[in-house]
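In: Need the 3D shape of this:
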Amino acid sequence: FILKVLRISWLFCIFRYSPANKVWNPKRGKFPNKDMAKIQNISEIHPTLGFTEFDILEKYRKSFHESELGRLHSVFPFERMAKTMGLSEQRLGRRNIFSPSAKIALMVLKAYTGFSDRQLVEHLNGNIHYQMFCGIMINPSFPITNYKIVSAIRNEIASRLDVDSLQEVLASHWKPYLDSLHVCMTDATCYESHMRFPTDMKLLWESLEWLYRQICLHCRDLGIRRPRNKYADVAKSYLSYCKKRKRKASRTRMLKRRMIRLLEKLLIQRDEIHREHGTSLRYTQDYQKRLSIIRKVLVQEKEMFVGKKVRDRIVSIDRHYVRPIVRGKETKSVEFGAKVNNIQIDGISFIEHLSFKAFNEGIRLKDCIRMQQKLMNVRVRCVAADSIYANNANRKFCTKYGISTSFVRKGRAARDESLRKVLRSELSKERATRLEGSFGTQKQHYSLSRIKARNRKTEILWIFFGIHTANAILMIDKIRNRADKAA
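Out: Here you go, the predicted model:
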């Protein structure tokens, strides 16, 4: 078996299939980029010679289609998704390693495996099933060495991501295999970002550290003397403060006052350097953005120090878009990340609303019902939702359109109250098990417990592919059951 694999690798290195003359020609010359030259689409290397060694490739294809990974690939309409996002092959320049549909498949594969970018590239080089999932074939002698290509593809797709249009494509593709299209279940959850727990002291120190380092770099580049400040003394006091197990409130307030004053002074010193030598300095867009965030942090910290309440509080300099979301749970009173209001149709979840700021999901029930009717083109008859959705406006809306709910009844009981009670019980039980359970499945098995994206757009993309990869695993069983019933 090993000899056969080696012979196949040798044949891939020696021969190249030419669609123009339908023959195998030997490679001549060298390519400037090995990664770009040694990777071919699977459709271009279909065997035409009578070598028995090529039979093993057909066996790999067969085993791929029978595996869960192959069935997962068949569930997604990758070509339609790529067309909806506007991804296309480049007509000019060198050829891409991944086709438009392969780029989307790579993002699904990352959500499915839970690998880091480096691990994903390493497994992609050595696992032929992963290569078939992405529609490429990698020469073992020339593997992909640049693992940052995964990040580049993620940023490209994130810049073009339209959640609503892609969910319409997926809903139309999965609709024939779904049941109970008239039942809408909805709830909200928070997908936390991978970040340290924020405190005022940490935020102030990160701002001081970055700003002092930039002042030192400016003075070195300009050949001028660094301005005097109390950074060394504050750094020493902060280190001593961090080593304390128990920190007195008086000590915390004293150190916070010193850090606020030092940050204010460093900003003044930086502005003076810019005023005198601004024409000799070059600022990047990230530099200016971070500087503006630090100015906002200073304003907010000064207001909170005197006892004022602050809206849109910044909790991280790197992820300035994240806001604290109070959930009221026993284990986590506050969460930091994206709050998402989901609807679920026969166990398949769709994103109704996503925001990094806290919002009241109770007022979004009408939007949830309209979204499901738009996706499935079926009128909603039953709604299962948490008690936060049971406000008077939602009750009147559901009564007006004849929609049964899982809400606790208000007022006198109807004649068919016993039947309505059974329906409410079934809807509540279904929502508590399937919908709440899907949140735990997504977070534990599809990399949504602590999202490690670096900016707002890629974090939304991470959530999107995590949710719909979990959906696709459920769709495998639904499609198989529908095929068994048809047979």
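In: The residue nearest to Val408 when sequence neighbours are not counted: what's it in contact with?
Out: The shortest distance from Val408 to any non-neighbouring residue, by Cβ to Cβ, 6 or more residues apart in numbering, is to Ala390 (6.9 Å). Backbone N, C-alpha and C define where each C-beta goes, glycine included. Shown in contact with Ala390 (Cβ atoms under 8 Å, 6 or more residues apart in numbering): 362, 405, 407-408.
In: Now find how far off-centre stretch 87-103 is within its chain.
Out: 22 Å (Cα atoms, centre = their mean, to the nearest Å).
In: same deal with stretch 144-156?
Out: 15 Å.
In: which residues of the stretch 1-150 of the chain fall in helices?
Out: Secondary structure of the stretch 1-150 of the chain (DSSP state H, counting those that start in this stretch): helices located at 2-14, 34-37, 55-66, 68-75, 78-85, 100-113, 117-126, 128-134, 149-160.
In: which strands and helices sit next to the fifth one?
Out: Contacts of helix 78-85 with other secondary structure elements, assessed using 3 or more Cβ pairs under 8 Å, 6 or more residues apart in numbering; DSSP states H and E, are made with helix 100-113, helix 163-174.
In: so Ser316 sits right up against His194, yeah?
Out: No - between Ser316 and His194 there is no contact under Cβ atoms under 8 Å: 10.7 Å.
In: more neighbours, these two?
Out: Ser316 (19 against 14; other Cβ atoms under 10 Å).
In: Backbone dihedrals for that one, please?
Out: phi -150, psi 140 (degrees, to the nearest 10).
In: quick revisit: so which of the helices and strands packed on helix 78-85 is the most packed in?
Out: helix 100-113 (a mean of 22; mean count of other Cβ atoms under 10 Å).
In: Quick check: mean pLDDT of that helix?
Out: Taken as a whole, helix 100-113 has a mean pLDDT of 95.
In: So which elements touch it?
Out: Helix 100-113 sits against helix 68-75, helix 78-85, helix 117-126, helix 128-134, helix 149-160, helix 456-486, with contacts defined as 3+ Cβ pairs under 8 Å, 6+ apart.
In: Using JSON lines, lay out these together with distance to Gln167.
Out: Conversion of those to JSON lines gives the following (distance: least, Cβ to Cβ, whole Å):
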{"stretch": "helix 68-75", "distance to Gln167": "15"}
{"stretch": "helix 78-85", "distance to Gln167": "10"}
{"stretch": "helix 117-126", "distance to Gln167": "25"}
{"stretch": "helix 128-134", "distance to Gln167": "22"}
{"stretch": "helix 149-160", "distance to Gln167": "15"}
{"stretch": "helix 456-486", "distance to Gln167": "8"}
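In: from these, which stretch is densest packed?
Out: With neighbours taken as mean count of other Cβ under 10 Å, the helices and strands packed on helix 100-113 reach their highest mean count in helix 128-134, at a mean of 21.
In: Now do it: everything it contacts.
Out: By Cβ under 8 Å, 6+ apart, helix 128-134 touches 42, 60-61, 63-64, 67, 69-70, 72-73, 98, 102, 105-106, 109, 123-124, 137-138.
In: still on that earlier bit, and which of the contacts of Ala390 is nearest Glu459?
Out: Proximity of those to Glu459 (Cβ to Cβ) peaks at Gly362, which lies at 24.8 Å.
In: quick one, what contacts the closest one?
Out: So Gly362 contacts 388-391, 394 (Cβ under 8 Å, 6+ apart).
In: And the residue nearest the centre of this structure?
Out: Closest to where the C-alpha atoms of the chain average out (Cα atoms, centre = their mean) is Trp462, at 1.2 Å.
In: Could I get the contacting residues of it?
Out: Trp462 is in contact with 111, 447-448, 451-453, counting by Cβ under 8 Å, 6+ apart.
In: ok, back up a step: same list (the contacts of Gly362) but as JSON lines, adding distance to His468.
Out: Formatted as JSON lines, those follow (distance: Cβ to Cβ, whole Å):
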{"residue": "Ile388", "distance to His468": "25"}
{"residue": "Tyr389", "distance to His468": "24"}
{"residue": "Ala390", "distance to His468": "29"}
{"residue": "Asn391", "distance to His468": "30"}
{"residue": "Asn394", "distance to His468": "27"}
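In: Turn the residues you listed into CSV, including distance to Asn155, pLDDT and secondary structure.
Out: Shown next, in CSV, are the contacts of Gly362 (distance: Cβ to Cβ, whole Å; pLDDT from 0 to 100; DSSP: H, G, I helix; E, B strand; the rest coil):
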residue, distance to Asn155, pLDDT, secondary structure
Ile388, 36, 92, helix
Tyr389, 36, 94, helix
Ala390, 42, 93, coil
Asn391, 40, 93, coil
Asn394, 39, 94, helix
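In: The residues you listed, buried ones only, as a ChimeraX selection?
Out: The buried residues among the contacts of Gly362 can be selected in ChimeraX (16 or more other Cβ atoms under 10 Å) with this line:
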select :389,390,394
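In: between the contacts of Gly362, which is nearest Arg480?
Out: Among those, and counting by Cβ to Cβ, the member closest to Arg480 is Tyr389, at 34.1 Å.
In: Chain neighbours aside, what residue packs nearest to Ala472?
Out: That would be Val75: by Cβ to Cβ, 6+ apart, it lies 4.5 Å from Ala472.
In: roughly how far apart are that neighbour and Asn342?
Out: Distance of Val75 to Asn342, computed by Cβ to Cβ, to the nearest Å: 19 Å.
In: Repeat that for Phe64.
Out: For Phe64, the distance to Asn342 - Cβ to Cβ - is 32 Å.
In: which residues touch stretch 283-296?
Out: 207, 210-211, 214, 263, 267, 270, 314, 317, 320.
In: From the contacts of Trp462, list the buried ones, please.
Out: Neighbour counting with 16+ other Cβ under 10 Å marks 111, 447-448, 451, 453 as buried within the contacts of Trp462.
In: Least confident of these?
Out: Within the buried ones among the contacts of Trp462, Ser447 has the lowest pLDDT, namely 90.
In: Please give me every residue in contact with Ile388.
Out: Counted by Cβ under 8 Å, 6+ apart, Ile388 has contacts 360-362.
In: could I get these as a markdown table with distance to His274, secondary structure and pLDDT?
Out: Formatted as a markdown table, the contacts of Ile388 follow (distance: Cβ to Cβ, whole Å; DSSP: H, G, I helix; E, B strand; the rest coil; pLDDT from 0 to 100):
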| residue | distance to His274 | secondary structure | pLDDT |
| --- | --- | --- | --- |
| Asn360 | 43 | coil | 93 |
| Glu361 | 45 | helix | 92 |
| Gly362 | 48 | helix | 93 |
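In: Now tabulate those in TSV and tack on distance to Phe133.
Out: Listed next are those as TSV, based on distance: Cβ to Cβ, whole Å:
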residue	distance to Phe133
Asn360	41
Glu361	35
Gly362	41
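In: List just the nearest of the residues you listed to Ile476.
Out: Glu361 (30.0 Å).
In: Nearest residue to that closest one in space, please, no chain neighbours.
Out: Ala188 (4.0 Å).
In: that older thread, roughly how far apart are the residue nearest to Val408 and Lys485?
Out: 37 Å.
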